[in-house]
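[1] Here is my input, please return the structure:
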Amino acid sequence: MAGRIATIVKGYPRLSETFIAQEIAGLEDRGVAQLIVSLRQPAEKRVHPVHRRINAEILYLPEYLKDDPARVRAGRAFAERQPGYQAARAMFEADLKRDPTANRHRRFGQACVLAHELPDDINWLHTHYLHTPASVTRYAATIRGIGWSFSAHAKDIWTSQAWELTEKLGSAAFGVTCTQVNLDYLQSLAAEPGRVELVYHGLDLSGIEPPERGARGERPFRIVSVGRTVEKKGFGDLIRALARLKDRDWTFDHVGGGAMTARLQQQADKAGIGDRITWHGSREREHVFGLLARSDLFVLPSRIARSGDRDGLPNVLMEAQAHRLPVVSTKVSAIPELVEDERTGLLVAPRDPKTLAEAMARLMDDPDLAARLAAAGEIRVRERFSPKPGIDRVAALLKATPARNAA
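    Numbering: from 1, shown residues only. Predicted structure coming up:
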């Protein structure tokens, strides 16, 4: 494939989106040169090791149009001179009628800047997420008269309106998504379902060596979880479940930033278990892996948020299983595609602290069951969720884009 593609993301780099960075790095390894386009400035100081592997240049668009009015004016002036502008403008105005928000105006303004500032060697746009980044990508690709494609994940699908997904699916040349649940839904909305494929993003687990786990002895039973403190992660349910186990000897470590942390801390204190919980905040990979190596159980009580947002295939579950930790999670979205109940972990209904507590207690009381589930989970995640096949497929699709574009 001659030239580079532009890979459009909502923010870069992000510790919570290492699966995207993994794909970018893997595509580079396969000869797909890229320009990373970020709609937002970086908000975190820490980076994952995979970010250091990436050689692509980064273009940051104005996060808000008022941030750089000169760039926005230049972008709009350029866009208005392009043959594709009227078609893009019509798309935008049709979308605006159904979604009359400032965010919609920002998407079109960012698209004009992107269209203006794309280097001449860019011949394709590929976006991660079907919500805001795909809107910017669709408008910009139409202005410039080039093709575009997408990788869809979780929140972007389940918090978007069906009409908008349908129009984007009709406009994109192809797309991939990372779970069967996602695929079934997107194909139900697409005029040409075959344009969307299932590609598990997987996780590079080659550097993870599970520790030797001896007898626990007299120390407390160590429970760990990793995830942002947002509604879809269900950590409030976990606090309620732990409160049901307050008479047992355990500790709980949580890693991840988020707006709900203070509320969860207050909830734990009120339940009388706050002194047994350590809130680590957002931490680097080495810190997380150290906790996984020292723990006895990983719990992720995912739920569907009121907005419709939900997890896809959480990387943290894969990482826990790769460390040969038994896992307890919920029957939400694609988690059952990864965790087989009673075979590679335990799954309970979401929003059910009582059953969640019972599953945790079961593994506390039955170390042989915990060890069996942990061993089976490690085997399954390493055999079925390698990132290589997925990245190979995305690379093949992207390398075929000149033919698609010419068609």
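[2] Now do the strands in the chain.
    Per DSSP state E, the chain carries strands over the ranges 4-11, 34-40, 57-60, 122-128, 148-152, 174-177, 196-198, 221-226, 250-255, 277-279, 297-300, 327-330, 346-348.
[3] how about these in JSON lines, adding mean pLDDT, distance to Thr355 and mean neighbour count?
    To be clear about C-beta, it is placed using only N, CA and C from the backbone, and glycine gets the same treatment. Conversion of the strands of the chain to JSON lines gives the following (pLDDT from 0 to 100; distance: least, C-beta to C-beta, whole Å; neighbours: other C-beta atoms under 10 Å):
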{"stretch": "strand 4-11", "mean pLDDT": "96", "distance to Thr355": "35", "mean neighbour count": "23"}
{"stretch": "strand 34-40", "mean pLDDT": "97", "distance to Thr355": "38", "mean neighbour count": "21"}
{"stretch": "strand 57-60", "mean pLDDT": "97", "distance to Thr355": "45", "mean neighbour count": "15"}
{"stretch": "strand 122-128", "mean pLDDT": "96", "distance to Thr355": "34", "mean neighbour count": "25"}
{"stretch": "strand 148-152", "mean pLDDT": "97", "distance to Thr355": "31", "mean neighbour count": "26"}
{"stretch": "strand 174-177", "mean pLDDT": "97", "distance to Thr355": "30", "mean neighbour count": "24"}
{"stretch": "strand 196-198", "mean pLDDT": "96", "distance to Thr355": "30", "mean neighbour count": "19"}
{"stretch": "strand 221-226", "mean pLDDT": "98", "distance to Thr355": "16", "mean neighbour count": "23"}
{"stretch": "strand 250-255", "mean pLDDT": "98", "distance to Thr355": "18", "mean neighbour count": "21"}
{"stretch": "strand 277-279", "mean pLDDT": "98", "distance to Thr355": "21", "mean neighbour count": "16"}
{"stretch": "strand 297-300", "mean pLDDT": "98", "distance to Thr355": "12", "mean neighbour count": "26"}
{"stretch": "strand 327-330", "mean pLDDT": "98", "distance to Thr355": "9", "mean neighbour count": "28"}
{"stretch": "strand 346-348", "mean pLDDT": "98", "distance to Thr355": "4", "mean neighbour count": "22"}
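[4] now the helices for the stretch 251-400 of the chain?
    Using DSSP state H, counting those that start in this stretch, the helices of the stretch 251-400 of the chain run over 261-270, 285-294, 315-322, 335-338, 353-365, 367-384, 388-399.
[5] Highest mean neighbour count out of the ones you listed?
    Comparing the helices of the stretch 251-400 of the chain by mean neighbour count (mean count of other C-beta atoms under 10 Å), helix 315-322 comes out on top with a mean of 25.
[6] what comes into contact with that helix?
    18-19, 202-203, 205, 208, 210, 224-227, 288-289, 292, 298, 300, 327, 329, 335, 338-339, 344-345, 374, 377-378, 380-382, 385 (C-beta atoms under 8 Å, 6 or more residues apart in numbering).
[7] follow-up on the earlier one: with Gly234 as the reference, name the closest of the strands of the chain.
    Closest approach to Gly234 among the strands of the chain (C-beta to C-beta): strand 327-330, 6.9 Å.
[8] which strands and helices sit next to the closest one?
    For strand 327-330, the packing partners by 3 or more C-beta pairs under 8 Å, 6 or more residues apart in numbering; DSSP states H and E come out as strand 297-300, helix 315-322, strand 346-348, helix 353-365, helix 367-384.
[9] Extract the residue ranges of the protein that are flagged as low pLDDT.
    Low-confidence regions of the chain, defined by pLDDT under 70, span residues 1-2, 402-407.
[10] picking that back up, quick one: the strands of the chain as JSON lines, columns for distance to Leu398 too.
    Below are the strands of the chain laid out as JSON lines (distance: least, C-beta to C-beta, whole Å):
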{"stretch": "strand 4-11", "distance to Leu398": "6"}
{"stretch": "strand 34-40", "distance to Leu398": "9"}
{"stretch": "strand 57-60", "distance to Leu398": "17"}
{"stretch": "strand 122-128", "distance to Leu398": "6"}
{"stretch": "strand 148-152", "distance to Leu398": "7"}
{"stretch": "strand 174-177", "distance to Leu398": "9"}
{"stretch": "strand 196-198", "distance to Leu398": "13"}
{"stretch": "strand 221-226", "distance to Leu398": "31"}
{"stretch": "strand 250-255", "distance to Leu398": "33"}
{"stretch": "strand 277-279", "distance to Leu398": "41"}
{"stretch": "strand 297-300", "distance to Leu398": "32"}
{"stretch": "strand 327-330", "distance to Leu398": "33"}
{"stretch": "strand 346-348", "distance to Leu398": "35"}
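[11] Indicate which one of those strands is closest to Gln265.
    Nearest to Gln265, of all the strands of the chain, is strand 277-279, at 6.3 Å by C-beta to C-beta.
[12] so how far is that closest one off the chain centroid?
    Mean-position distance between strand 277-279 and its chain equals 24 Å (C-alpha atoms, centre = their mean, to the nearest Å).
[13] next one: stretch 375-390
    That offset, for stretch 375-390, works out to 18 Å (C-alpha atoms, centre = their mean).
[14] Check stretch 85-97 too.
    Here the centre of stretch 85-97 is set off from its chain's centre by 29 Å, with C-alpha atoms, centre = their mean.
[15] same deal with stretch 260-279?
    Distance, stretch centre to chain centre, for stretch 260-279: 26 Å (C-alpha atoms, centre = their mean).
[16] what residues does it touch?
    The contact list for stretch 260-279 (C-beta under 8 Å, 6+ apart) reads 220, 229-231, 235-236, 239-240, 242-243, 246, 250-254, 281.
[17] Just the buried ones from those?
    Burial by neighbour count, 16 or more other C-beta atoms under 10 Å: within these this picks out 229-231, 235-236, 239-240, 242-243, 250-254.
[18] Could I get these in TSV, plus columns for distance to Thr179?
    Shown next, in TSV, are the buried ones among the contacts of stretch 260-279 (distance: C-beta to C-beta, whole Å):
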residue	distance to Thr179
Thr229	23
Val230	19
Glu231	20
Phe235	22
Gly236	24
Ile239	27
Arg240	27
Leu242	29
Ala243	32
Trp250	32
Thr251	32
Phe252	28
Asp253	28
His254	25
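[19] Cool, thanks, signing off.
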